[in-house]
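Asker: the following comprises the amino acid sequence and a computationally predicted model.
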Amino acid sequence: MATCPPHPSYPSAPTDGAPTAGPLRHAHWWQRPWVRYGAPTTLLAISGLVILALVREETGTEGFLVGLGLALLPVPLLIASFRWLDRVEPGPWRNLVFSFAWGACAAALIAIVANSFATRWIATATADPSSADTLGATVIAPVVEETAKAAAVLLVFLFRRRDFTGIVDGVVIAGVTATGFAFTENILYLGTAFGTDQLTGGSGIASVTAATFFVRIIMSPFAHPLFTVLTGIGFGVAALSADRQHLRRVAFPLAGLLLAMGMHAMWNGSSSFGEYGFFAVYAAFMVPIFGLLTWLVIWTRQRELRTVRAELPAYAVAGWLAPAEPYALGSMRARRIARQYARRHAGKTAAREVARYEAYATSLAFLRHRARRGRAGPDFAVREMELLAALWRRREAARPALDHAARITAPPVPVTAPPWPMPGAYGQGHTHGHTYDHGHAYGQIPAYGQIPAYGHPAGYAPQPTQYPAYNPYRS
């Protein structure tokens, strides 16, 4: 979902004059790279093998292959939808791969084992298997499954904190996790339905497989993502809270998890509400809530773009960015045009550099926004300089493309020409006292002071004299 990580990291040895973080001193054993990456990979691989064996045993080889092919159909659409939501500040692919694998392997394995154990225990204790199945589906399954899926969101929130900065990040991680979980669950349901048809001779549109496919793949592919997204929103609100707001950082994720369990329980129990209970719940609750959450996420994405346009002009004043860049970086259309321009004139490598520039600039805007609200953390200055350095090294490829995109997308703005020259403004008028069509005004670029020149040698250098005078908070 991302073209690059939102926060650059540097090797221990200097590269192109980049600042170095230095080796981690006195690292605990769980902070070592082979533990941080090896342990989750091993856990997920073992879970995947076990869940594969369980599902294949339940459905048979032929049923497993049929279920796999049908369950795979909605996955690309769902992943593409969450990737689209995350385009403003794209997170690294490794988080998405981990989330999907956790949902498809670890969470699915936990759910199968725990649900089976709980249902059998209830059936044994009550001597009523039918009531045990109903209770297991409406009470046990929502609690177990939503908790197992929420674990992936919690792990990313705790160990990939720099990549988890708001509501959209929570929605994306939760949605991708639930997509992986639904993928495995659909294999099991569709494979079992196919096996039933093989025994009963059912075929065509009246078969159990067709009915299961219609309900789970056509009508409700978003069901599991919709439940777990509520948990993701809770973690997203917690990410927006200050470190000292401990109650809020705990209460909102728990509230989101409880809402996810409640909606999941209502969905599973809809079949017991009568002949048309499923369709009533689907029309009265699922579709409206899906529409509301979609609106919320899109509104949040637009707010992120407004944050980019509001925060980056300070760096343009200090000379780190060109005057047109805050406007261009705050428009998804302008970003796309900039990447296309770079690819057309300089090749795919330049387009990737422009994409990285856009990602780093967005992270810089969000970092400054958090700093103004007292939520940036003690390493704010180091992270800010890392991001600025990453932008500075890519300015030669990015600035012409962003300048072109700004010229293409900026709306005409009527401006009264001042009696003095305005450095850095496009299409400036030359007639005193007349109003003209300022076709390339890119936001409120300060008119005081001279923007420093950008004729420095390519590449980042640590000497302060090779950078613009830095005071982004100066009014």
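Answerer: Arrived safely.
Asker: residues in contact with Arg161?
Answerer: Ala239 (Cβ atoms under 8 Å, 6 or more residues apart in numbering). Using the backbone N, CA and C atoms, a C-beta is placed for each residue, glycine as well.
Asker: hmm, 10 Å instead?
Answerer: Neighbour list for Arg161: 239, 377 [criterion: Cβ atoms under 10 Å, 6 or more residues apart in numbering].
Asker: what of Thr362?
Answerer: For Thr362, the contact set (Cβ under 10 Å, 6+ apart) comprises 6, 87-90, 304-305, 307-308, 311-312, 329-330, 335, 387.
Asker: closest one of those residues to Ile217?
Answerer: Arg87 (26.1 Å; Cβ to Cβ).
Asker: just give the nearest non-adjacent residue to Thr200, would you?
Answerer: Among residues not flanking Thr200 along the chain, Val208 sits closest, at 7.7 Å (Cβ to Cβ, 6 or more residues apart in numbering).
Asker: where's Ala242, which helix or strand?
Answerer: For Ala242, there is no helix or strand it lies in under DSSP states H and E.
Asker: mind listing what's buried along stretch 193-200?
Answerer: 193-195, 197-198 (16 or more other Cβ atoms under 10 Å).
Asker: what sits up against it?
Answerer: 58-60, 62-67, 70, 202-204, 206-213, 216.
Asker: which of those count as buried?
Answerer: Buried among those by 16+ other Cβ under 10 Å: 58-60, 63-64, 66-67, 70, 202, 207-209, 212-213, 216.
Asker: CA atoms of stretch 87-107 as CSV?
Answerer: Extracted in CSV, the C-alpha atoms of stretch 87-107 (Å, rounded to 0.1, in the frame of the first residue of the first chain):
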residue,chain,number,x,y,z
ARG,A,87,-2.8,7.0,-0.3
VAL,A,88,-2.4,10.3,1.6
GLU,A,89,0.3,8.9,4.0
PRO,A,90,0.9,5.4,2.8
GLY,A,91,2.2,3.0,5.4
PRO,A,92,4.8,0.3,4.6
TRP,A,93,3.8,-2.9,2.8
ARG,A,94,5.2,-5.0,5.6
ASN,A,95,2.5,-3.9,8.0
LEU,A,96,-0.2,-4.9,5.6
VAL,A,97,1.4,-8.3,4.8
PHE,A,98,1.7,-8.9,8.6
SER,A,99,-1.9,-7.9,9.1
PHE,A,100,-3.3,-10.1,6.3
ALA,A,101,-1.2,-13.0,7.4
TRP,A,102,-2.3,-12.6,11.0
GLY,A,103,-5.9,-12.6,10.1
ALA,A,104,-5.7,-15.5,7.6
CYS,A,105,-3.5,-17.7,9.8
ALA,A,106,-3.1,-16.8,13.5
ALA,A,107,-6.6,-15.3,14.1
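Asker: quick check: mean pLDDT of it?
Answerer: If you average the pLDDT over stretch 87-107, you get 90.
Asker: just stretch 216-233 next, same as before
Answerer: 92.
Asker: from the chain's centroid, how far away is that stretch?
Answerer: 16 Å (Cα atoms, centre = their mean, to the nearest Å).
Asker: one more: stretch 35-44?
Answerer: 22 Å.
Asker: residues of that stretch that come out buried?
Answerer: Buried residues in stretch 35-44, defined by neighbour count with 16+ other Cβ under 10 Å: 40, 44.
Asker: check stretch 130-137 too.
Answerer: 132, 134-137.
Asker: and for stretch 80-90?
Answerer: 81-83, 85-90.
Asker: before we move on, what about stretch 359-377?
Answerer: Counting neighbours by 16+ other Cβ under 10 Å, stretch 359-377 gives 359-371, 375-376 as buried.
Asker: remind me which residues of the stretch 301-450 of the chain are low pLDDT?
Answerer: Across the stretch 301-450 of the chain, the ranges flagged by pLDDT under 70 are 412-450.
Asker: quick one, helices of it?
Answerer: With DSSP state H, counting those that start in this stretch as the criterion, the stretch 301-450 of the chain has helices at 313-317, 325-329, 332-346, 348-372, 380-393, 395-409.
Asker: nearest to Leu258, out of those?
Answerer: helix 348-372 (27.5 Å).
Asker: next structured bit after the lengthiest helix in the chain?
Answerer: Ranked by residue count under DSSP state H, the longest helix found in the chain is helix 33-71. Moving toward the C-terminus from helix 33-71, the next helix or strand (DSSP H and E) is helix 75-85.
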